[in-house]
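K.L.:
Can you look at this prediction? I've put the sequence above it.
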Amino acid sequence: MNVPYLFIFIYILGFLTTISCKQKCPEPMLLYQTNLGAETPSEELSENDTITISLHNFPNIFVGVWPKDSLNYYRYRYLLQINLSMLPKNAEIDSAFITFYPTKDTIIYPNIQPALYKNYGDNSMYIQKITTRWNLNNIFWSTQPTSTLVNQISVANIGTGNSGSGKISILPFVKDWVADSASNYGMVFKMQDETTLTPRRVYFASNYTADSRLHPLLQIYYRK
């Protein structure tokens, strides 16, 4: 083949390949990643009836059940609302994760011994979508927002001790919130079994902990 014809052939082949790729090739995968800081609405809730203030700004996340006495127990839940406004409205969400890290803080929780500030027992959790608005400045166990069982996320036993981190998929929630941002009231973390006298809990650093490297990590993989 003559050299001029060879160049023409290569040019046409490249042009056709470009057209074909625009029609068939998927958009590149993008990653939105951020550590959730103090600007992220979150709240630790305790059922302890001796608490007269909420546990706002606590550096630790404590989700669990803890015995009050031989017949009664306290429940602890965690509320979190993530901001997704930086994602395109037409984003195709591929996967979404939130990772929690072990805490280094020893802020005293009501009725919990500091030496036991670590993951403990059968700490399988549910994460549920919150369905009503909530106010950080006026929220207690008795005024916590409602949540739904629909599409709740089941989190298997994270294990015991305080050396590991927990990476949890929240893909269904993120997909729903990107499609309808007005429905994003956040999520609540709770034990799967909240009717037991057997101690169980997960214990991680919150977005208020002093070490920003331990703030919860949000990762969302998407295509435009």
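P.N.:
Arrived safely, thanks for sending.
K.L.:
Would it be right to say that residue 204 lies in a strand?
P.N.:
Yes: counting by DSSP: H, G, I helix; E, B strand; the rest coil, one finds residue 204 located in a strand.
K.L.:
What distance do you get for residue 36 to residue 206?
P.N.:
In this structure, residue 36 and residue 206 are 9 Å apart, going by CB to CB, to the nearest Å. C-betas here are computed from N, CA, C, even on glycine.
K.L.:
okay, and the common contacts of the two?
P.N.:
Common neighbours of residue 36 and residue 206, using CB atoms under 8 Å, 6 or more residues apart in numbering, are 42, 215-216.
K.L.:
Neighbour-wise, which one of the residues you listed leads?
P.N.:
Neighbour counts for the shared contacts of residue 36 and residue 206, by other CB atoms under 10 Å, peak at residue 216, which reaches 25 neighbours.
K.L.:
Spatially nearest residue to it (excluding sequence neighbours)?
P.N.:
residue 36 (4.6 Å; CB to CB, 6 or more residues apart in numbering).
K.L.:
Next up, the contacts around the one you found.
P.N.:
Contacts of residue 36 (CB under 8 Å, 6+ apart): 42, 80, 82, 98, 207, 215-218.
K.L.:
OK, contacts around the spatially most central residue of the chain?
P.N.:
With distances taken as CA atoms, centre = their mean, residue 98 lies nearest the centre of the chain, 4.2 Å away. Contact partners of residue 98, counting by CB under 8 Å, 6+ apart, are 36, 82, 167-168, 170, 216-219.
K.L.:
Among these, name the least confidently predicted one.
P.N.:
The lowest pLDDT within these belongs to residue 167, with 90.
K.L.:
what about it, helix or strand, and which?
P.N.:
strand 166-169 (DSSP states H and E).
K.L.:
Against which helices or strands is that strand packed?
P.N.:
Packing contacts for strand 166-169, counted by 3 or more CB pairs under 8 Å, 6 or more residues apart in numbering; DSSP states H and E, involve strand 92-100, strand 147-155.
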